[in-house]
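> here is my input, please return the structure:
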Amino acid sequence: MAKVIMVQGTMSNVGKSVIAAGLCRIFKQDGYRVAPFKSQNMALNSFITKEGLEMGRAQVMQAEAAGTEPSVSMNPILLKPTNDIGSQVIVNGEVLGTMSARDYFKMKKSLIPEIMKAYKKLDENYDIIVIEGAGSPAEINLKEDDIVNMGMAKLVNAPVLLVGDIDRGGVFAQLYGTVALLEEEERNRIKGLIINKFRGDKTILDPGVEMLEEMTGIHVVGVTPYLHVSLEDEDSLSERLEDKHAIGLIDIAVIRLPRISNFTDFNVFEGVKGVSVRYVSAANQLGNPDLIILPGTKNTMGDLLWMRQNGLEASILKAHKAGTTVFGVCGGYQMLGKSIADPDGVEEGGTIRGMGLLDADTVFEAEKARTRIEGRVLNPDGILKPLAGAKVTGYEIHMGRTHVSSETMPFTEIVDTITGEHKIEGACGNNVYGSYIHGIFDNQEIAVKMVRAIAASKGITEEMDMEIDFAAFKETQYDLLADGLRKHLDMEEIYKILDGETDK
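Purely as a prediction, here's the structure:
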């Protein structure tokens, strides 16, 4: 039976995912077989496992940190918001249906057997399980039916580390208020407090730490600094989506759609010296980029209409006419075509006009395409012609099927690694490129050739300083994270908590 520890937070985006990933790495470095777990994740960044099942990317990142293969057992329930009041509900990697928040809350406790079945698989195969909570355990209107915070801790008798974010201010109120709102049994589960994202002189903070410990009766097991590591972010709260980046020699503008998904696809470009990656949500932010990327989205039709209404679509079309390269991934690829039809009401229903940059039409279907692929880029024309023959790996997650005209050049030829099916995929023409493949840029050959091709088109002859291997780069970041946490967490105390040797 595995030992277990749980990381909860005072609110969203306090750093639970990163702290959990760091603990996974530390335990791995110390010789343990480690698995992450999150019973219910709400995020639009998702991943397809080697079995063709869908899970949240936060647990994929944590699995990478733990040095283990991502499994849907690590995230048995994934909620992908389709609008402000409803989500697609994915259980054990497969779509259960789309539900309103109210309908889901009525039935979610019935999913506890599925949660426990997934947890048991990890329990049987790992030494340590690091569980991540969601949001805050002190949401008093949701506690009764909780399956992801204290409810989950109770199911597996997990000790809890509670994380607060000092960078936002009010960290003592966050931690004390959360503890105060919990019931006695729940408070007793909290074995340590962590103050996260600290900048400055810790000695100034020490009196407050002592007072917090006296008031709560719980040890502060760490004051962790604002660590400058490059890791995948869980959702659209990510700081990397803020439009505050200086423009580099090569300027990439990613459209920050309201339902943006899998924006982790573009993290690789942030490792290239001289390249700026900006996320823009208004026409006046677009500027004159060298490459515009339309990312994935959970609501293609709604987000296209949003661009149409706020002027971004017109600005993108104008930029393309002036020579800017445009690349669409998944939902962004669908937007680039002539039309999008939704006969079964999967999204908005009806048919809308696309951006018309590719001779392609998309029809939404009820069954989700969900698979892993590998293959190569064919022979694209335009600026990205040097990509011809480059190796492609990644995964597909989409509801629609896109039909490309016979006169339009496909972008890749691929093999579905789950079914063995061979097919051509995507479309390109006139410096517009579209593909359903998430993770397509993670292959360093493609990222390097894209940047160099764009640089050449601008007359930039200096060598772009690329990371040699994105996977290896991520490994260095997990090690940096672990090193940083070891310095600032009381790991001796955390191991005691893990072993059940402390009351508080």
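
> I'd say Leu257 and Lys298 touch.
No. Shown here, Leu257 and Lys298 do not form a contact pair, counting by CB atoms under 8 Å, at 9.1 Å. For glycine as for every other residue, the C-beta is placed from the backbone atoms N, C-alpha and C.

> so for these two, which residue has more residues nearby?
More neighbours surround Leu257 than the other of Leu257 and Lys298, with 28 against 24 (other CB atoms under 10 Å).

> what sits against the more buried one?
Counting by CB atoms under 8 Å, 6 or more residues apart in numbering, Leu257 makes contact with 294-295, 297, 303, 306-307, 331.

> how far away is it from Gly332?
According to CB to CB, to the nearest Å, Leu257 and Gly332 sit 8 Å apart.

> what touches both of the two?
If you check Leu257 and Gly332 against CB under 8 Å, 6+ apart, the residues they both contact are 294-295, 297.

> buried ones in the longest helix along the chain?
In the chain, with assignment by DSSP state H, the single longest helix is helix 470-488. Residues of helix 470-488 classed as buried: 470, 474, 477-478, 480-482, 484-485, 488 (neighbour count, 16 or more other CB atoms under 10 Å).

> swap in stretch 315-335?
By neighbour count with 16+ other CB under 10 Å, stretch 315-335 contains the buried residues 315-316, 319-320, 324-335.

> again with stretch 183-200
For stretch 183-200, a neighbour-count test (16+ other CB under 10 Å) marks 186-187, 189-198 as buried.

> now swap in stretch 426-433 and tell me
Per 16+ other CB under 10 Å, stretch 426-433 contains these buried residues: 426-429, 431-433.

> right, and the helix or strand after the helix or strand where Ile414 lies?
For Ile414, the host element (DSSP states H and E) is strand 412-416. Downstream of strand 412-416, the next assigned helix or strand under DSSP H and E is strand 422-425.

> for that following strand, what is the distance to the chain centroid?
Offset of strand 422-425 from its chain centre (CA atoms, centre = their mean, to the nearest Å): 27 Å.

> list the pairing partners of it within its sheet, with orientation.
Within its sheet, strand 422-425 is paired with strand 412-416 (antiparallel), according to DSSP bridges.

> give me the mean pLDDT for the strand it pairs with.
The average pLDDT within strand 412-416 is 96.

> and the contacts of it?
Applying CB under 8 Å, 6+ apart, the external contacts of strand 412-416 come out as 371-378, 392, 421-426, 435, 437.

> returning to what we had before: by contact count, what packs against the longest helix of the chain?
Here helix 470-488 touches helix 16-29, helix 57-66, strand 220-225, going by 3 or more CB pairs under 8 Å, 6 or more residues apart in numbering; DSSP states H and E.

> relative to Val60, which of the contacts of Leu257 is nearest.
Of all these, Val60 sits closest to Pro295, with 17.7 Å by CB to CB.

> which residues are in contact with that closest one?
Contacts were defined as CB under 8 Å, 6+ apart; by that measure Pro295 touches 254-255, 257, 260-263, 265-266, 329-332.

> how about a cut-off of 10 Å?
Residues near Pro295 by CB atoms under 10 Å, 6 or more residues apart in numbering: 254-257, 259-266, 279, 303, 327-333, 438.

> just put the buried residues of helix 470-488 in TSV and tack on distance to Gly133.
Below are the buried residues of helix 470-488 laid out as TSV (distance: CB to CB, whole Å):
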residue	distance to Gly133
Phe470	29
Lys474	24
Gln477	23
Tyr478	21
Leu480	24
Leu481	19
Ala482	21
Gly484	22
Leu485	18
His488	21
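
> what are the ranges of the strands in the stretch 201-350 of the chain?
Along the stretch 201-350 of the chain, counting by DSSP state E, counting those that start in this stretch, strands occupy 220-225, 250-255, 260-261, 275-280, 291-294, 296-297, 325-329, 339-342, 350-353.

> so which of the ones you listed is nearest Met150?
Smallest distance to Met150 across these (CB to CB): 18.7 Å, for strand 220-225.

> and the closest one, what does it pack onto?
If you count contacts as 3 or more CB pairs under 10 Å, 6 or more residues apart in numbering; DSSP states H and E, strand 220-225 packs onto helix 16-29, strand 160-165, strand 190-198, helix 202-216, helix 470-488, helix 491-498.

> at 7 Å what do you get?
Other helices and strands packing on strand 220-225, by 3 or more CB pairs under 7 Å, 6 or more residues apart in numbering; DSSP states H and E, are strand 190-198, helix 202-216, helix 470-488.

> could I get these as JSON lines with mean pLDDT and distance to Ile112?
Shown next, in JSON lines, are the helices and strands packed on strand 220-225 (pLDDT from 0 to 100; distance: least, CB to CB, whole Å):
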{"stretch": "strand 190-198", "mean pLDDT": "96", "distance to Ile112": "22"}
{"stretch": "helix 202-216", "mean pLDDT": "94", "distance to Ile112": "30"}
{"stretch": "helix 470-488", "mean pLDDT": "91", "distance to Ile112": "31"}
